[in-house]
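A.B. asks: give me the fold of what follows.
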Amino acid sequence: MRAMRAALAIDSSTGKRSRRTICGSRYGNKPIQTTKGRNAKTAATPSTPPGRTEEAPPVKGVETNETSYLPSRNLKNDSRKEEEKGDEFYDWLIQNVGKGLADTQKKARSTLSNLKAAVLDLSAIAILSAVGTVIEQGKNLEYYQQYYPDGDGKVLGFVTWKLIITLGLDHVYTSPIFFATLVYLAASLVVCSSTTQLPLLKRAKKWNFLDGNSIADLPLAEDLPRGKVEDLGKLLSNCGYQVFLQNKQLYGFKGLAGRYAPIWVHVSLILIMIGGSCSALSGLRGDLLIPEEQGTVIAEGLRPIGPFPFYPSGAGYGLYLDQFDIKYRPSGKVEQYFSTLSVLNDNGDILYSKKISVNDPLRWKGVTMYQTDWSIAAVQLTVKDATGSQSTGSSFRLPFATLENGEAGVGGRIWATLLPTGETGEKKGVSILARDLQSVALYKEDGTFAGVRRPGSNNPIVIDGVEVVVDKLIGSSGIEFRSDPGVPIVYAGFGMLMMTTIVSCFSHSQVWAAEYDSKLRVGGKANRGFVNFANELEKVLDTVP
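C.D. replies: Alright, predicted model coming up:
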């Protein structure tokens, strides 16, 4: 005989426990009845001899009582209670934590959309930008110690190099405070657009016809005896309105683009901030003095200004200074500086060449090179014995040193070098000084003035038994290197800002009209330029038949 078992089942529709029986025997699958009670025995079946009953074996893996064949209800009840506790905790989590998050989000939106807070943030950005403009950015410590000394020479009585370094004013545009103000402003613009501008745009795009009473409540309303909406519609269409007619009612509008403009103004401002942040975080800056007829690698002039430097493809090319020249005015003052630069590949082939000047840079594959400074690198001389023992002179190229800020009693910039005339180890010779590329001054061993010569004049001068000809002054060009990955984004943002600012001046004008009681009631409103709108509508109504 097969064993008979009873199991508990849960009714899916009611959630209550019900008892069902599962039976198997050689007489077929007939259901049997079970007696009530946890320890009840099964009723006799035809396979059991009369007067004898048989207990069902306990279910394997389930803890049972001494003679019970049913699973224990205690485990089921405990599991049910745990599920109920889990549901209660989930409900508590939704009601408390979820509500807290919703309240926090609401407060954040309220703060970010606050006009006063936005004005304060803009003021902070303006102040930080002004500080970054006045105080030179990205200089070394010695520079700030020299120009912002600590002591009696404090700038403005309180600005010192210690204050600048401590507050991070030497890198304002990459400081966390500056980026925090930009992030707040961007978030404020996004929230303002989503909570104010977009709803206004949606309401402006949704239109409907108004009856006479509703039209009378508009800022501008007027009744025309025997007027027709068809005639008014034609006149409004001629003025650029888009007109809709239905059942003796009219609606017309124009200047809907003015509703889009504030949103695009916000987008353009965000683009400008993103581009500026990209340049501050990934930009490269640097400068080099390159002597004539010498070259360097462009990457040598690029130094990171942020934590995530991005080197463009143009940084790996060579740069050669073919010529440096200065154009002077008739008064002797400098008019313009010129540098002829050539970009070279790895084989030394010239790929691109340009004569740059101030405000006319060379751009090459993400790197911009500006003419910013100049210097005198060396002087080329032809020297021979004045006694005539030498038929030809010897050519020398002597490097110049710079004397600035009153050094050696000299005001302004001046370059100097020494032509040795004595034996090896003797400190004697001809001093050569230059202020520009036009002339040099020569001095004897005792410091007395010997004369002035123009480079390339081939006019010799004899000093202490030595004949000297000044062949050439070799200049150095000061090139500033810049790589700003955010510049295209900034340009796009400013271009969009200019266009959307113009579009934002367009007035969104709306006109409604309805015929009733043998007259035409007309009304309208505009979001800006109401006086012009009223005058325009008045002219249209005057021409209605």
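
A.B. asks: tell me where the stretch 101-250 of the chain has strands.
C.D. replies: 220-225, 242-246, 249-254 (DSSP state E, counting those that start in this stretch).

A.B. asks: among the ones you listed, which comes closest to T196?
C.D. replies: strand 249-254 (20.4 Å; CB to CB). No exception for glycine: its C-beta is placed from N, CA and C like everyone else's.

A.B. asks: how far does that closest one sit from its chain's centre?
C.D. replies: With CA atoms, centre = their mean, to the nearest Å as the basis, strand 249-254 stands 42 Å off its chain's centre.

A.B. asks: now do the helix or strand just after it: distance to the chain's middle.
C.D. replies: Next helix or strand after strand 249-254 toward the C-terminus (DSSP states H and E): helix 257-282. Distance, stretch centre to chain centre, for helix 257-282: 8 Å (CA atoms, centre = their mean).

A.B. asks: related to what we said a few turns ago, can you put the strands of the stretch 101-250 of the chain in JSON lines and add distance to F178, mean neighbour count and mean pLDDT?
C.D. replies: Shown next, in JSON lines, are the strands of the stretch 101-250 of the chain (distance: least, CB to CB, whole Å; neighbours: other CB atoms under 10 Å; pLDDT from 0 to 100):
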{"stretch": "strand 220-225", "distance to F178": "48", "mean neighbour count": "15", "mean pLDDT": "92"}
{"stretch": "strand 242-246", "distance to F178": "46", "mean neighbour count": "14", "mean pLDDT": "92"}
{"stretch": "strand 249-254", "distance to F178": "43", "mean neighbour count": "22", "mean pLDDT": "94"}
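
A.B. asks: pLDDT below threshold where in the stretch 351-500 of the chain?
C.D. replies: Along the stretch 351-500 of the chain, segments meeting pLDDT under 70 span 386-392, 404-412, 424-425.

A.B. asks: which residues of it fall in helices?
C.D. replies: 487-503 (DSSP state H, counting those that start in this stretch).

A.B. asks: what segments of it are strands?
C.D. replies: Counting by DSSP E, counting those that start in this stretch, the strands of the stretch 351-500 of the chain are 362-364, 367-385, 394-399, 401-403, 414-420, 429-434, 440-443, 449-453, 461-463, 466-483.

A.B. asks: any buried residues in the fourth one, and which?
C.D. replies: Of the residues in strand 401-403, those buried by neighbour count under the rule 16 or more other CB atoms under 10 Å are L403.

A.B. asks: got it, and the second one?
C.D. replies: By 16+ other CB under 10 Å, the buried positions in strand 367-385 come out as 367, 369-371, 374-384.

A.B. asks: for stretch 538-545, same thing?
C.D. replies: V540, L541, V544.

A.B. asks: same check, this time on stretch 159-175
C.D. replies: Those buried within stretch 159-175 under the rule 16+ other CB under 10 Å are V159, T160, W161, I164, L169, D170, H171, V172, Y173, T174, S175.

A.B. asks: how long is that stretch end to end?
C.D. replies: Using CA to CA, to the nearest Å, the gap from the first to the last residue of stretch 159-175 comes to 19 Å.

A.B. asks: give me the contact list for that stretch.
C.D. replies: 128-129, 131-132, 135-139, 141, 144-145, 148-150, 154, 177-178, 276, 280-281, 305-307 (CB atoms under 8 Å, 6 or more residues apart in numbering).

A.B. asks: and the angle from the stretch of helix or strand A534 belongs to to strand 249-254?
C.D. replies: Element membership for A534 (DSSP H and E) is helix 530-542. Helix 530-542 and strand 249-254 are oriented at 140 degrees to each other (axes from the mean of the first three to the mean of the last three CA atoms, to 10 degrees).

A.B. asks: by contact count, what packs against helix 530-542?
C.D. replies: Contact here means 3 or more CB pairs under 8 Å, 6 or more residues apart in numbering; DSSP states H and E; on that basis helix 530-542 packs against strand 220-225, helix 229-238, strand 509-516, strand 519-526.

A.B. asks: now for the second one, which elements pack on it?
C.D. replies: Pointing back at helix 229-238 there. strand 242-246, strand 249-254, strand 509-516, strand 519-526, helix 530-542.

A.B. asks: closest to A221 out of the ones you listed?
C.D. replies: Taking the helices and strands packed on helix 229-238 one by one with CB to CB, strand 519-526 is closest: 3.7 Å.

A.B. asks: ok, and what's touching the closest one?
C.D. replies: 210, 212, 215-229, 232, 255, 507-515, 533, 537, 541, 544.

A.B. asks: now, of the residues you listed, which are buried?
C.D. replies: 210, 212, 215, 218, 220-222, 224, 227-229, 232, 255, 508-515, 533, 537, 541, 544.

A.B. asks: how near is S395 to G475?
C.D. replies: Distance from S395 to G475, counting by CB to CB, to the nearest Å: 18 Å.

A.B. asks: no, scratch that, I was asking about I263
C.D. replies: Looking at I263 against G475, where the rule is CB to CB, the gap reads 54 Å.

A.B. asks: neighbour-wise, which of these two wins?
C.D. replies: G475 (24 against 20; other CB atoms under 10 Å).

A.B. asks: so the residue lying closest to that one once chain neighbours are set aside: helix, strand or coil?
C.D. replies: Nearest residue to G475, sequence neighbours excluded (CB to CB, 6 or more residues apart in numbering): F324, at 4.1 Å. Here F324 is recorded as strand under DSSP: H, G, I helix; E, B strand; the rest coil.

A.B. asks: gap between K254 and L185?
C.D. replies: 33 Å.

A.B. asks: should've said I274
C.D. replies: Taking CB to CB, one finds I274 at 12 Å from L185.

A.B. asks: repeat for V466
C.D. replies: Distance of V466 to L185, computed by CB to CB: 69 Å.

A.B. asks: same check on I463?
C.D. replies: 67 Å.

A.B. asks: who has more neighbours, those two?
C.D. replies: I463 (22 against 19).

A.B. asks: looks like that one contacts A450 (just checking).
C.D. replies: Yes - I463 lies in contact with A450 (CB atoms under 8 Å); the separation is 4.8 Å.

A.B. asks: overlap in contacts, the two.
C.D. replies: With CB under 8 Å, 6+ apart as the test, I463 and A450 both reach V430, L442, K444.

A.B. asks: dump those into TSV; add distance to A416 and neighbour count as well.
C.D. replies: Formatted as TSV, the shared contacts of I463 and A450 follow (distance: CB to CB, whole Å; neighbours: other CB atoms under 10 Å):
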residue	distance to A416	neighbour count
V430	11	21
L442	11	19
K444	15	16
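
A.B. asks: tell me which of these is nearest to V243?
C.D. replies: Nearest to V243 among the shared contacts of I463 and A450: L442, at 89.2 Å, using CB to CB.

A.B. asks: and A216, what pLDDT?
C.D. replies: Confidence at A216, expressed as pLDDT, is 92.

A.B. asks: who's in contact with it?
C.D. replies: Here A216 is in contact with R521, G523 (criterion: CB under 8 Å, 6+ apart).

A.B. asks: can you give me phi and psi for P149?
C.D. replies: Main-chain dihedrals, P149, degrees, to the nearest 10: phi -70, psi 160.

A.B. asks: tell me the spacing between it and T196.
C.D. replies: In terms of CB to CB, P149 sits 51 Å off from T196.

A.B. asks: again with R109
C.D. replies: For R109 relative to T196 (CB to CB), the value is 11 Å.

A.B. asks: residues contacting the residue nearest to F506 when sequence neighbours are not counted?
C.D. replies: Excluding its sequence neighbours, the residue lying closest to F506 (CB to CB, 6+ apart) is G258, at 3.7 Å. G258 makes contact with V503, S504, C505, F506, S507, H508, N527, R528, according to CB under 8 Å, 6+ apart.

A.B. asks: these, buried ones only, as a ChimeraX selection?
C.D. replies: The ChimeraX selection below is limited to those of these classed as buried (16+ other CB under 10 Å):
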select :503,504,506,508,527
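
A.B. asks: right, I'll leave it there.
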